[in-house]
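Engineer: predicted model and sequence follow; I will ask about them next.
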Amino acid sequence: MNMKIYTLLTFINYVSSYKLINHPLENRIAYIQGINNIDNIDDVTMKKLQDDFEKHPLLIFKNIKNVSPKKFIKFTSQFDKDVDKN
């Protein structure tokens, strides 16, 4: 029984991990809602964000707080396929 609940909660978390909202006038821009902490993004969600970035090269993350410049650069580098891995 507990495994079924855990599986259901994992599925719900995956389905509702974030919401992408297209900009009303420019399709290359999209807003991301539901991600409040960039430190805790799982691999599946990150892959989905990267796929969204291919369609919308300007993603605006709403409601993210307390991000240092170093964390911001590390996070955004995950969207650059040619990033220097040093």
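Structural biologist: Nice, I can see it.

Engineer: isn't residue 60 right up against residue 28?
Structural biologist: No - look at residue 60 against residue 28 with C-beta atoms under 8 Å: they stay out of range, at 11.5 Å. Where C-beta positions appear, they are placed from N, C-alpha and C, glycine not excepted.

Engineer: can you tell me the SS state at the residue nearest the centre of the chain?
Structural biologist: By C-alpha atoms, centre = their mean, the chain has its centre lying nearest to residue 49, at 4.5 Å. State at residue 49, reduced to three classes by DSSP: H, G, I helix; E, B strand; the rest coil: helix.

Engineer: test my guess that it contacts residue 38.
Structural biologist: No - checked against C-beta under 8 Å, the pair residue 49 and residue 38 is beyond contact range at 10.0 Å.

Engineer: residue contacts, the residue lying closest to residue 50 once chain neighbours are set aside?
Structural biologist: Computed as C-beta to C-beta, 6 or more residues apart in numbering, the closest residue to residue 50 that is not its neighbour in sequence is residue 79, at 6.1 Å. Contacts for residue 79 (C-beta atoms under 8 Å, 6 or more residues apart in numbering) come out as 49-50, 53.

Engineer: same check on residue 56?
Structural biologist: With contacts defined as C-beta under 8 Å, 6+ apart, residue 56 is in contact with 20, 22, 27-30.

Engineer: how about residue 41?
Structural biologist: Contacts for residue 41 (C-beta under 8 Å, 6+ apart) come out as 35, 49.

Engineer: quick revisit: would TSV of the contacts of residue 79 with pLDDT and distance to residue 43 be doable?
Structural biologist: What follows is the contacts of residue 79, written out as TSV (pLDDT from 0 to 100; distance: C-beta to C-beta, whole Å):
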residue	pLDDT	distance to residue 43
49	94	11
50	95	10
53	95	15
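
Engineer: closest to residue 65 among those?
Structural biologist: Distance to residue 65, by C-beta to C-beta, is smallest for residue 49 among the contacts of residue 79, at 18.2 Å.

Engineer: what about stretch 72-84, average pLDDT?
Structural biologist: Confidence for stretch 72-84, expressed as mean pLDDT, is 85.

Engineer: tell me the buried residues in it?
Structural biologist: Of the residues in stretch 72-84, residue 75 count as buried by neighbour count, 16 or more other C-beta atoms under 10 Å.
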